[in-house]
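Visitor: Show me the folded form of this:
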Amino acid sequence: MESNGYSIFTREEWSRLRSSVPMTLGEDQLAALRGANEPMSLAEVEAIYLPLVRLINLHVSAARGLATVTDEFVGRPPVRRPYVIAIAGSVAVGKSTIARLLQTLLSRWSEHPRVDLITTDGFLWPREKLLAEGLMERKGFPESYDVRTMIDFLARVRSTGEGRAPVYSHQSYDIVPGMSDTVDHPDILIFEGLNVLQIGDGVSRRHAPVFTPADFFDLSLYVDADPAHIERWYVDRFLVLQQTRMQDPDNYFYHLARASRKEARAYAEGLWHKVNLPNLLENILPTRNRADVVLHKDFLHAADSLWLRRT
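Guide: Coordinates of the predicted model:
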């Protein structure tokens, strides 16, 4: 089926595109990749992510061939540049699990064994700055990111294969001073975050920088679901974390460690409706049509259709 420039595949239709891609994960390995309260199964990997890995592998090969042609045309030595994949979508929709899964699956192909993963959390402004500018309740919105540093990082990686990204701690809810994640000539870089497909400088879309993060992506994936389903996943995940990570006195949300389940649920629902839902509707969802691939999930957190941009 075709719609708005996309070819739309049901789960069954998409699964048939796997071809001969082998399954290289076991249950124990998959369990280590799952996020909190995410029911990713081996059957899901086989039906959805192995065909997606096949598609990405074909794209990587084609991109390398095109780069070689250009290098030969201008008479310069061929340089292998990282292939950059962006993964966008709402909080709690499963982006991080998908990113880790793709990193693992793609790294098992001999053509591109080195796959790095960077999240945009590291490009959030430090908590001190967010507090000073009244942006703590806008965390995750475009203006809460240091977009220019993000662009500089992507530009450097694309041109040199190297880069350093700031590190964010979900424990302290802040950037970790003096720490960085190093990207060192990967074959593929996966760049995952809420607003990676956003156009603009993070403050005003009317005053975009010369480049935007999306200018450096070879392939982009948007993870989609009904906002009502995402809210349920968000609240359920929050309740799991309240009984696990938030029990640590060093956790930013430790003040909720002794809260009742009802109180914790009310807190999570308040965050969703005050912060995460507005950000989804105003900033994240409008970028969906910029993605090359849209992966849609049903209420069970499983992919039920995929949209592939026609080229």
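Visitor: Quick check: bridge partners of the residue nearest the centre of the chain?
Guide: Nearest residue to the geometric centre of the chain (C-alpha atoms, centre = their mean): E192, 2.6 Å. For E192, the beta-bridge partners under DSSP bridges are I87, T119.
Visitor: Could you do V294 as well?
Guide: Going by DSSP bridges, V294 forms beta bridges with Y222, W307.
Visitor: That one and N4 touch, don't they?
Guide: No - the pair V294 / N4 is not scored as a contact, 10.0 Å apart, by C-beta atoms under 8 Å. All C-beta atoms are positioned from the backbone trio N, CA, C, and that covers glycine.
Visitor: Those two: which has the busier surroundings?
Guide: V294 (21 against 9; other C-beta atoms under 10 Å).
Visitor: where does the stretch 51-200 of the chain have low pLDDT?
Guide: Within the stretch 51-200 of the chain, the ranges that satisfy pLDDT under 70 run 199-200.
Visitor: and with 90 instead?
Guide: Filtered on pLDDT under 90, the stretch 51-200 of the chain yields the residue ranges 63-81, 109-112, 159, 195, 198-200.
Visitor: Please, where are all the strands along it?
Guide: Assigned by DSSP state E, counting those that start in this stretch, the strands in the stretch 51-200 of the chain fall at 83-89, 115-119, 162-169, 174-184, 188-192.
Visitor: May I see the buried residues of the longest helix seen in the chain?
Guide: Identified as the longest helix of the chain according to DSSP state H is helix 50-74. The neighbour-count check on helix 50-74 (16 or more other C-beta atoms under 10 Å) flags L50, P51, L52, V53, R54, L55, I56, N57, V60, R64 as buried.
Visitor: got the contact list for that helix?
Guide: With contacts defined as C-beta atoms under 8 Å, 6 or more residues apart in numbering, helix 50-74 is touched by 14-19, 21, 23, 77-81, 83, 85, 102, 105-106, 109, 111-112, 187-188, 218-219, 221, 293, 295, 306, 308.
Visitor: Just the buried ones from the residues you listed?
Guide: 14-15, 18, 21, 81, 83, 85, 102, 105-106, 109, 112, 187-188, 218-219, 221, 293, 295, 306, 308.
Visitor: What residues does F141 make contact with?
Guide: Counting by C-beta under 8 Å, 6+ apart, F141 makes contact with L135, N195, N279, E282, N283.
Visitor: Return a PyMOL selection command for the buried portion of these.
Guide: Selecting only the buried entries of the contacts of F141 in PyMOL, with 16+ other C-beta under 10 Å as the criterion:
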select buried, resi 135+195+279+283
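Visitor: Pull the most distant pair out of the contacts of F141.
Guide: Set against one another by C-beta to C-beta, those have their most distant pair in L135 and E282, with a gap of 14.9 Å.
Visitor: Quickly note the distance from S260 to L239.
Guide: Distance of S260 to L239, computed by C-beta to C-beta, to the nearest Å: 11 Å.
Visitor: what do you get for W109?
Guide: Computed as C-beta to C-beta, the W109 to L239 distance reads 38 Å.
Visitor: The residue lying closest to I48 once chain neighbours are set aside: neighbour count?
Guide: Nearest non-adjacent residue to I48, counting by C-beta to C-beta, 6 or more residues apart in numbering: A303, 4.5 Å away. If you count neighbours by other C-beta under 10 Å, A303 ends up with 23.
Visitor: residues contacting A303?
Guide: By C-beta under 8 Å, 6+ apart, A303 lies in contact with R11, W14, E44, A47, I48, L295, H296, K297.
Visitor: Correct me if wrong: the residue nearest to the centre of the chain contacts I87.
Guide: Yes - look at E192 against I87 with C-beta under 8 Å: they come within range, at 4.2 Å.
Visitor: if I look at these two, which residues touch both of them?
Guide: K95, A99.
Visitor: ok, now which ones touch S305?
Guide: Applying C-beta under 8 Å, 6+ apart, the residues near S305 are I8, F9, T10, R11, W14, H296.
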